[in-house]
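Visitor: following is a predicted model, sequence given first.
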Amino acid sequence: MRRNVETFIGCDADYKEAAFVLFGAPFDSTTSYRPGARFGPSAMRHESFGLETYSPYQDKDLCDISVFDSGDIELCFGEPALALRKIEKRAERILQDGKFPFLFGGEHLVTLGAVRAVHKKYPDLCIIHFDAHADLRDDYLGARLSHACVMRRCHELLGDGKIHQFCIRSGDRAEFAFAKEHTCLHPFDFSGLKETAERIAKAGTPVYITVDLDCLDPSVFPGTGTPEAGGVTFLQLLAAIREVCKLNVVGADVNELAPSLDHSGVSTATACKVVREFLLALDKTERR
């Protein structure tokens, strides 16, 4: 693979030496409310240069870790199944080369492509899911491949008790009923996250982390397709990411930034900072 022409700040390592590989999925064809998430990956790269590579939250620097940015996959907007296969193929290549796949969305459906690839390598995979929405519908207006159904499709791969959901504050009655039987849903905030992480750590289970940025309150992050009042703060999200990154994390994504829906640019800047902190928290290299 070759580096993208414009990389996320500090993520310009050579592919062979990189531990982490970024790849974008600019797809939002199943968005049910306000479109625009297809522009999220490129906006995060471009606006990342408003950040420092150094994090005072963690006393770490992106320049000290090896991250390769492979750019965006060219996806067919009208064919979700085809788009998911391409995402899966890119994630498989990254995993086969012994590297960590980190996906930029796009709408949340793109997570399914990456999870399919990671699950092939790690059959006992579990998912930690930060989101405003349960995403557990069996279909949305007849479509089973929808951002409103992504966790339901992931459940079909992983099985009961393997999806741990936090910050959820929206969904229809059937979704919450399904969650009571089949997933571990924690509504509204990160209550129970530490205990969940301790149980997963004890079991040694590999983890995929998916962060839908609408878990953040719209006052913090208005630039998203389906904003939901009552979300968490930026600092709460950073603390939660640091907590779960202590686990055996084998893949991750950040999704649902729609930059055109926040002309101030604050949402994009926030997304960039989440990505920086996420990558630094994932790095386990000991440095003096």
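Guide: Thanks, I have the structure now.

Visitor: tell me the pLDDT at the spatially closest residue to residue 250 that is not a sequence neighbour?
Guide: Of all residues not flanking residue 250 in the chain, residue 206 sits nearest, at 4.5 Å (C-beta to C-beta, 6 or more residues apart in numbering). Placement of C-beta: from N, CA and C, glycine included. With respect to pLDDT, residue 206 scores 98.

Visitor: can you check residue 33 too?
Guide: Looking at residue 33, its pLDDT is 89.

Visitor: let me know the secondary structure of it.
Guide: Residue 33 carries the three-state label coil when classified by DSSP: H, G, I helix; E, B strand; the rest coil.

Visitor: next, it: phi, psi?
Guide: Residue 33 adopts backbone torsions of phi -130, psi -90, taken as degrees, to the nearest 10.

Visitor: doesn't residue 102 make contact with residue 95?
Guide: No. When contacts are counted by C-beta atoms under 8 Å, residue 95 is not listed as touching residue 102 (11.8 Å).

Visitor: who has more neighbours out of those two?
Guide: For the pair residue 95 and residue 102, the greater number of neighbours falls to residue 102 (26 against 20), based on other C-beta atoms under 10 Å.

Visitor: is it true that that one touches residue 23?
Guide: Yes. The pair residue 102 / residue 23 is scored as a contact, 7.5 Å apart, by C-beta under 8 Å.

Visitor: can you tell me the helix or strand for the closest residue to residue 76 other than its chain neighbours?
Guide: Leaving aside its sequence neighbours, residue 76 sits nearest to residue 82 (C-beta to C-beta, 6+ apart; 5.2 Å). Assessed by DSSP states H and E, residue 82 sits inside helix 80-96.

Visitor: average model confidence for that helix?
Guide: Mean predicted lDDT for helix 80-96 stands at 98.

Visitor: next SSE downstream of that helix?
Guide: Next along from helix 80-96, by DSSP H and E: strand 100-105.

Visitor: which helices and strands sit right next to that next one?
Guide: strand 20-25, helix 40-47, helix 80-96, helix 110-121, strand 249-255, helix 266-282 (3 or more C-beta pairs under 8 Å, 6 or more residues apart in numbering; DSSP states H and E).

Visitor: dump these to CSV, plus distance to residue 182.
Guide: Supplementary listing: the helices and strands packed on strand 100-105 in CSV, determined by distance: least, C-beta to C-beta, whole Å:
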stretch, distance to residue 182
strand 20-25, 26
helix 40-47, 29
helix 80-96, 22
helix 110-121, 16
strand 249-255, 21
helix 266-282, 27
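
Visitor: so, low pLDDT: which residues of this protein?
Guide: Across the chain, the ranges flagged by pLDDT under 70 are 285-288.

Visitor: hmm, try it at 80
Guide: Scanning the chain for pLDDT under 80 picks out 1-5, 285-288.

Visitor: before we move on, back to that, state the distance from the residue nearest to residue 250 to residue 130.
Guide: Going from residue 206 to residue 130 by C-beta to C-beta, to the nearest Å gives 18 Å.

Visitor: those two - which one has more neighbours?
Guide: residue 130 (25 against 18).

Visitor: the more buried one reaches residue 243, doesn't it?
Guide: No. Using C-beta under 8 Å, residue 130 is not in contact with residue 243, being 11.2 Å away.

Visitor: can you pull out the strands in the stretch 151-288 of the chain?
Guide: Assigned by DSSP state E, counting those that start in this stretch, the stretch 151-288 of the chain shows strands spanning 163-168, 184-187, 207-212, 249-255.

Visitor: just to revisit the earlier point, out of the helices and strands packed on strand 100-105, which is closest to residue 32?
Guide: With C-beta to C-beta as the measure, helix 80-96 is the member of the helices and strands packed on strand 100-105 nearest residue 32 (13.0 Å).

Visitor: for the closest residue to residue 166 other than its chain neighbours, grab the count of nearby residues.
Guide: Counting by C-beta to C-beta, 6+ apart, residue 166 lies nearest to residue 186, which is 4.8 Å off, once chain neighbours are set aside. For residue 186, the neighbour count with other C-beta under 10 Å is 19.
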